[in-house]
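Novice: take a look and give me a structure for this.
(chains A and B)
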Amino acid sequence: MGSAPSDVGAGAPAQLRTIPVKIVIAGGFGVGKTTFVGAVSEIAPLTTEAPLTVAGVELDDTRLVDGKPTTTVAMDFGRITLDRELVLYLFGTPGQERFWFMWDDLIRGAIGAIVLADTRRLADSFAAIDYFEHRHIPFLVADNRFDPGRVHGEAQLRRALAIGPGVPIIACDARVRESAKTALIRLVEHALVRRRQSLPTS
Amino acid sequence: MTRRLARPYALVGGRTTPSLPDLRIETQVRRTAAGLRALPTAVFERREILLLCAEPVSIAELAVRLRVPLGVARVLVADAAADGGVSVDIPDDAPISVELLQRVLDGLRAL
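Specialist: Numbering: from 1, shown residues only, chains lettered A, B, ... in the order given. Okay, the predicted model is just below:
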């Protein structure tokens, strides 16, 4: 025993293999991440805790008791079965800077991220945008329109968020399955374009 | 969510780093034949893990079902994998291939 785990368990039939892929749904508290995940997930969104217990992490002082981190971060996730093997996981998690240590872990291997933005509280999405920009992770900004009457122009939003033309901005109603689905499709299209660009031309 | 009586990190002796560093939250965990044989004598969380991953299940889902934080679930899974009771698909760190992205796109469009 104590051997490294094999790719497939001994005697496990190969056809049971599941290929997991993931997309991260980021944004400030209350922007609609859980709603988004719930709109497209085939399971009711599940919530797990990711406690701030990693040693050496810079945290808000107010979050520390006797030098020990005590905060937990709730993370929602959902699941979409795409074909017989392929399962897409959606992880919705707060984008605040103090959670970034968790993000490095979360984002590893992800297709990309959707930053849900609320135009009334745009600053809440700055940290997530910074994060994905600096790490060259494919992302798009989805303007979550709770209020359809309050429409901002894309150019205005792009300026306010200081993001370049390479980052898609879309409108989205996180409550509506088709709208959330379209946001996912746009992100994967964007990731595909980015991926092709990064390949050596042959 | 039901609260545990024990502090979650007490389950893993305060460890936050799994012995397998590459376990992602979406990593699929599946019981092995050895895990099935170990089931009758397994107790506590190990028994729960062996029961929950008869079919492949993600670490994130395991964390919810075990009612522990993600970090604890990863340590428990890594321990179970080290003992041979479960197998995990360790992903390589290569970027996702164009082919796989296209498959995801096709799957989403067909929803």
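Novice: next, count neighbours for residue 43.
Specialist: If you meant another chain, say so; for now it's chain A. As a burial measure, A:Ile43 scores 13 neighbours (other Cβ atoms under 10 Å in any protein chain shown). C-betas here are computed from N, CA, C, even on glycine.
Novice: wait, chain B
Specialist: B:Val43, neighbours per other Cβ under 10 Å, totals 7.
Novice: and if you look at A:His136?
Specialist: 9.
Novice: what about it, which SS state?
Specialist: What DSSP: H, G, I helix; E, B strand; the rest coil gives for A:His136 is coil.
Novice: out of everything not next to it in sequence, what's closest to B:Ile25?
Specialist: Sequence neighbours aside, B:Ala60 is the residue nearest to B:Ile25 in space, at 4.4 Å (criterion: Cβ to Cβ, 6 or more residues apart in numbering or on different chains).
Novice: which SSE is the one you found in?
Specialist: helix B:59-66 (DSSP states H and E).
Novice: and the next helix or strand past that helix?
Specialist: helix B:70-82.
Novice: next up, the contacts around the nearest residue to B:Arg65 once chain neighbours are set aside.
Specialist: The shortest distance from B:Arg65 to any non-neighbouring residue, by Cβ to Cβ, 6+ apart, is to B:Leu52 (5.3 Å). Under the criterion of Cβ atoms under 8 Å, 6 or more residues apart in numbering or on different chains, the contact list for B:Leu52 reads B:62, B:65-66.
Novice: what subset of those is buried?
Specialist: Neighbour-count burial (16 or more other Cβ atoms under 10 Å in any protein chain shown) applied to these gives B:62, B:65-66.
Novice: turn those into a markdown table, including pLDDT.
Specialist: Listed next are the buried ones among the contacts of B:Leu52 as a markdown table, based on pLDDT from 0 to 100:
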| residue | pLDDT |
| --- | --- |
| B:Leu62 | 94 |
| B:Arg65 | 92 |
| B:Leu66 | 92 |
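Novice: list the buried residues of stretch B:35-46.
Specialist: Neighbour count says stretch B:35-46 has B:35, B:38, B:42, B:45-46 buried, by 16+ other Cβ under 10 Å.
Novice: check these against chain A, which are close?
Specialist: By Cβ under 8 Å from any Cβ of the partner chain, the members of the buried residues of stretch B:35-46 lying near chain A are B:Gly35.
Novice: residue nearest the centroid of chain B?
Specialist: B:Ile59 (3.3 Å; Cα atoms, centre = their mean).
Novice: right, and that residue touches B:Leu23 too?
Specialist: Yes - in this structure, B:Ile59 is within contact of B:Leu23 by Cβ atoms under 8 Å, at 5.9 Å.
Novice: backbone dihedrals for A:Tyr89, both of them.
Specialist: phi -100, psi 140 (degrees, to the nearest 10).
Novice: ok, it - contacts?
Specialist: A:20-23, A:77-79, B:25-26, B:58, B:60.
Novice: try it again at 6 Å.
Specialist: With contacts defined as Cβ atoms under 6 Å, 6 or more residues apart in numbering or on different chains, the neighbours of A:Tyr89 are A:20, A:22, A:77, A:79, B:26.
Novice: measure A:Arg194 to chain B for me?
Specialist: 10 Å (Cβ to the nearest Cβ, to the nearest Å).
Novice: now for A:Arg120: which residues touch it?
Specialist: Counted by Cβ under 6 Å, 6+ apart, A:Arg120 has zero contacts.
Novice: for B:Gly35, same thing?
Specialist: B:50, B:85-86.
Novice: where does pLDDT dip in chain B?
Specialist: For chain B, the stretches with pLDDT under 70 are B:1-11, B:13-14, B:16-19, B:21.
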